[in-house]
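[1] Turn this into a model:
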Amino acid sequence: MTTDRNDFSIVRFSTDDLPKKDRTAIWREHFGPSVFKVEIELPPPNTPVKVDMAARSLPGLQLLSGLYTPGRMIRTRRLIAEDGNDDFILRINTRGAATVATAGRKIDYACGAVLTNAAEVSAFDRPTFGGSTVVRIQRSILSALVIDIDDIVMRPIPGETNTLKLLLGYANVLLTDVPLASPPELRHLIVSQITDLVALTLGATRDAAHIAEGRGVPAARLHAAKAYVMENSSRRNLSVADVAKHLGVSNRHVQRLFESDGTTFSTFLLDYRLACAYRMLCKSQYGHWGIGKIADYAGFADLSYFGRCFRKRYGSKPREIRSVDRNSKPLK
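    Numbering: from 1, shown residues only. Below you'll find the model as predicted:
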């Protein structure tokens, strides 16, 4: 288990880091009541306990995502009485089958999400190994933004819902991205953006929806656009149109997203390709690759253009960067 104190209190946990004899006990006795605020039943006989998860806490909000062993989590009357927690919990299933039961209702879902209330007895069952992303939000925050919030509890939300996909992408970025500084204003902005997306997914009030469309949705779309660019940066013909098609918006909308971040699509793509090439030049595993091959792999079609851009960005030629890396062998 690791904790990054400056990174929105992020916690990472994997049973692979524990002795086999301790995995079940630590998972059930520590993470059940302290992180998930539930009781975790013993897994089925002969089922190895395997969990790989991350959690991050922000003011009034908690994000959790991971892959989990088959089993059952129960929000019991005893826990409700002890902690008095009445958060709303949006459970987004990302892999495998899952079942949620509360207040006499039961939902089976493999793709999509469902909202539950921590103040009600509930059970979450996972019959096979699978994954989910969970957003916990204080009742006072979400109830002010969503019409008849209690009536939405246990209402299935399809996985293809646009705002749900944006929410999932943004949450995963916050759980897996490079550690960030965390001044109070940034923490509260991120909480507002995540809450906006949850509210829109559930059915925000008119005023809340208007605010969210100008705050949470653009932020999530920008993260989604950047993620798509980074995943596809090696494609030489990657264009604004490709990103726009992926997001389901216009080309101009994509351009405005990058402009709102003080850059452009072309600049962001170029900087990312250069950064990829720089990292490869510094790694010994690519020491036998020629400069041209590295440039091509990073997405550059023209070696001369790559050289000019690289010198402008880093103040050195690609070959000079390689020569100072003692772990790689410079090419003659």
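[2] What does the pLDDT read for residue 327?
    Note for residue 327: predicted pLDDT of 45.
[3] Then residue 141?
    With respect to pLDDT, residue 141 scores 84.
[4] buried stuff in the helix or strand hosting it?
    Using DSSP states H and E, residue 141 maps to helix 139-142. Across helix 139-142, burial judged by 16 or more other C-beta atoms under 10 Å covers 139, 141-142. Quick note: C-beta positions are derived from backbone N, CA and C, even for glycine.
[5] just stretch 37-51 next, same as before
    Going by 16+ other C-beta under 10 Å, stretch 37-51 has these buried residues: 37-40, 43, 49-51.
[6] Closest one of the buried residues of helix 139-142 to residue 10?
    Within the buried residues of helix 139-142, proximity to residue 10 (C-beta to C-beta) peaks at residue 141, which comes in at 20.7 Å.
[7] Could you double-check that the closest one lies in contact with residue 194?
    No - Residue 141 lies out of contact with residue 194 (C-beta atoms under 8 Å); the separation is 10.2 Å.
[8] anything in contact with each of the two?
    residue 61 (C-beta atoms under 8 Å, 6 or more residues apart in numbering).
[9] Mind checking the pLDDT average for stretch 249-264?
    Averaging pLDDT along stretch 249-264 yields 88.
[10] could I have that stretch exported to CSV, CA atoms only?
    Output of stretch 249-264 as CSV, limited to C-alpha atoms (Å, rounded to 0.1, in the frame of the first residue of the first chain):
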residue,chain,number,x,y,z
VAL,A,249,-18.2,17.0,-30.9
SER,A,250,-17.2,19.4,-33.7
ASN,A,251,-13.6,20.1,-34.8
ARG,A,252,-14.0,23.7,-33.5
HIS,A,253,-15.1,22.4,-30.1
VAL,A,254,-11.9,20.4,-29.8
GLN,A,255,-9.8,23.4,-30.8
ARG,A,256,-11.6,25.5,-28.1
LEU,A,257,-10.9,22.9,-25.5
PHE,A,258,-7.1,23.1,-26.1
GLU,A,259,-7.3,26.9,-26.3
SER,A,260,-8.9,27.0,-22.9
ASP,A,261,-5.8,25.2,-21.6
GLY,A,262,-3.5,27.8,-23.1
THR,A,263,-2.4,25.6,-26.0
THR,A,264,-3.5,24.2,-29.3
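[11] what's it in contact with?
    Taking C-beta under 8 Å, 6+ apart as the rule, stretch 249-264 contacts 218, 221-222, 225, 240-241, 243-244, 247, 265, 267-268, 271.
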